[in-house]
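*Asks:* my questions concern the predicted model and sequence given below.
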Amino acid sequence: MSEVKELISVSLYNTFTRKKEPLTPLKEGEIKFYSCGPTTYDFLHVGNGRALVIGDLIHRILKSLGYKVTFVRNFTDVDDKIINKANEKGVPALEHAEIFVKECKKDMHSLMMIDPTFTPKVSETIPEIIEMVECLIKKNFAYVINGEVLYHVPNFKDYGKLSKKDLEGLQHGIRVEVESYKKHPSDFVLWKPAKEGEPSWDSPWGKGRPGWHIECSAMSYKFLGSSIDIHHGGVDLIFPHHENEIAQSEAANETNFCTCWCHNEFVNFGTEKMSKSLGNVITIRNFIEKFGGMVLRYIFVSSHYRTKLDWNNKLILKSIEELERIHQFIIEFEQLKSANVSEQSTFKADDVLSKIKSELANDFNTPKAMALFFTLIRDFRREFTSKTPTDETVQEIQKIIDFVSSSMGIIHSDANLLLKELNHSKKELSENNTDTNTAASIATTEQDIPALIEERNKAKKEKNWARADEIRNTLKQNKIILKDHPDGKTTWSYEP
Ligand SMILES: [Zn+2]
């Protein structure tokens, strides 16, 4: 027996109109959703984690509210940063990118993310990218110069409509020494000619590779068509990336690209003791190893996606404690289902589910939805110390638990196991609280540096490039620069 899912209307804040408005899907009951994915050059940072988890949250919530969601999230596996990293190591760029696609997928799994419908990579979308660039040239929105294809921004009259920037204002902001071959300082690259040692593909303009922005327009068109309902990314992508996506897609497809633009705020690592305690250096992997993926996921899910998140130990502790409360409740609820207590309660939870749904449908208001869930937990504990719930109440509560689980992904299938892990996380946190050094990253006081250099050299010898890079990056983000000398020695200095 399949239950017909009730479709719940959603209202979302739209960056394009700068206000919250009801979302009218292009096709009733269906949502075409694109979220800009990670560039796989290294382990991802906790800040990248927020965008990933919010993308997953949007996907889950819309599905739970009854929509058929087609969700595309890309992997940028061709990019300058990847090429630079790969060249440092002397491995092919695509091979390097693939290592971190795999590492990224491991993190996504630990963060309880569910699979999108499609996860295209740039390296697998080259024909579609070339086709779109050709189309833009044909329609006079792009020009070719020395094997490079550039988008000519002034020919797209709506340029700046998402970021509310005007072309003249932009021109003032740009450095005077603009590359002379550009017709306009805001023109951006669609296709760049191949250089020695870089991945490249044949194209009508010679061997080369795509610029960054075009991939999302091409992938979105390939899997979702000309127009989509929701496009998501971090606020840092509004300009120029999303502005350029609009310019490319609307010029090529001659129709409105996206109805609702959703952007999640930053994680703010810059506060108070942060730079010395947790550091602005935490990779998702480091965090997961210390505290578990669920704790990180919960931090992002329980805060509203449009608020800036100040990163600190309190945030981690709050996440651990709230997860404990939820999972202790799950265990108590399971026990109560089979308990044999004579007095039955008249307790009812019937409107809690619809209230939680309404909050999630209201611009994904997860903090309010969670508050409702915690009120239920509190009331449940008060009521069922000496009484048992009716079968009807058990079913109601089970439905709420199932909904919270599927829509927000914050309930572990094994509550006892999670509680054990949370216990361990708490210990980690209290140890790290007394320590003046890092909680989730590698220690970075001066006396630790020689040991880290030694560990890095060992990792390099063992071809554990990921670990070697991680150490270099961690130090770099603490303003410590390593220099490898031809004789195999490594020295360090503070960033100038
Ligand atoms: Zn994108």
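*Replies:* That came through fine. Numbers count the residues shown, from 1 in each chain.
*Asks:* which positions in the chain make contact with the ion?
*Replies:* Counting by Cβ under 5 Å from the ion, the chain comes close to the ion at Cys36, Cys216. Any C-beta I mention is one placed from the backbone N, CA and C, and that applies to glycine too.
*Asks:* what segments of the chain are strands?
*Replies:* 11-14, 19-22, 30-35, 68-73, 142-145, 148-151, 188-193, 208-210, 228-234, 258-264, 267-268, 309-310, 480-484, 490-494 (DSSP state E).
*Asks:* buried residues, the last one. List them.
*Replies:* Applying a neighbour-count criterion of 16 or more other Cβ atoms under 10 Å, one finds Thr490 buried in strand 490-494.
*Asks:* kindly calculate the angle that it makes with strand 480-484.
*Replies:* 150 degrees (axes from the mean of the first three to the mean of the last three Cα atoms, to 10 degrees).
*Asks:* now strand 490-494 - C-alpha only, CSV.
*Replies:* Only the C-alpha atoms of strand 490-494 are listed here, as CSV (Å, rounded to 0.1, in the frame of the first residue of the first chain):
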residue,chain,number,x,y,z
THR,A,490,62.7,21.3,4.3
THR,A,491,62.8,24.6,6.0
TRP,A,492,60.0,26.8,7.3
SER,A,493,59.3,30.5,7.7
TYR,A,494,56.3,32.7,8.6
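*Asks:* coming back round to it: same list (the strands of the chain) but as CSV, adding mean pLDDT.
*Replies:* Conversion of those to CSV gives the following (pLDDT from 0 to 100):
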stretch, mean pLDDT
strand 11-14, 98
strand 19-22, 98
strand 30-35, 98
strand 68-73, 98
strand 142-145, 97
strand 148-151, 98
strand 188-193, 97
strand 208-210, 97
strand 228-234, 98
strand 258-264, 98
strand 267-268, 87
strand 309-310, 90
strand 480-484, 81
strand 490-494, 76
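*Asks:* any idea how many residues pack against Leu7?
*Replies:* Residues within reach of Leu7, counting by other Cβ atoms under 10 Å, total 13.
*Asks:* oops, could you answer that again for Leu167 instead?
*Replies:* Neighbour tally, Leu167, other Cβ under 10 Å: 15.
*Asks:* was I right to think it contacts Lys157?
*Replies:* No. Applying Cβ atoms under 8 Å as the test, Leu167 and Lys157 come out as separate, 9.4 Å apart.
*Asks:* how about the strands of the chain in TSV, adding distance to Pro240?
*Replies:* Below are the strands of the chain laid out as TSV (distance: least, Cβ to Cβ, whole Å):
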stretch	distance to Pro240
strand 11-14	19
strand 19-22	23
strand 30-35	17
strand 68-73	20
strand 142-145	16
strand 148-151	11
strand 188-193	7
strand 208-210	16
strand 228-234	12
strand 258-264	14
strand 267-268	22
strand 309-310	24
strand 480-484	29
strand 490-494	33
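*Asks:* those strands: which one's closest to Pro367?
*Replies:* Each of these has some distance to Pro367 by Cβ to Cβ; the shortest is strand 309-310, at 11.8 Å.
*Asks:* and for that closest one, what's in contact with it?
*Replies:* Under the criterion Cβ atoms under 8 Å, 6 or more residues apart in numbering, residues Arg50, Glu265, Phe266, Val267, Asn268, Thr271, Ile299, Phe300, Ser303, Leu315 lie in contact with strand 309-310.
*Asks:* which of those residues lies closest to Leu323?
*Replies:* Leu323 lies nearest to Ile299 out of the contacts of strand 309-310, by Cβ to Cβ, at 10.1 Å.
*Asks:* ok, that closest one - contacts?
*Replies:* Leu309, Leu315, Ile316, Ser319.
*Asks:* tell me the one among those residues nearest to the ion.
*Replies:* Distances from the ion to the contacts of Ile299, taken as Cβ to the ion, are shortest for Leu309 (21.8 Å).
*Asks:* the closest one bridge partners, please.
*Replies:* Beta-bridge pairing for Leu309 (DSSP bridges): Val267.
*Asks:* gap between it and Val46?
*Replies:* For Leu309, the distance to Val46 equals 10 Å [Cβ to Cβ, to the nearest Å].
*Asks:* compare those two and say which is more crowded by neighbours.
*Replies:* Shown here are Leu309 and Val46; by other Cβ under 10 Å, Val46 has more neighbours (25 against 20).
*Asks:* common neighbours of Leu309 and Val46, please.
*Replies:* Val267.
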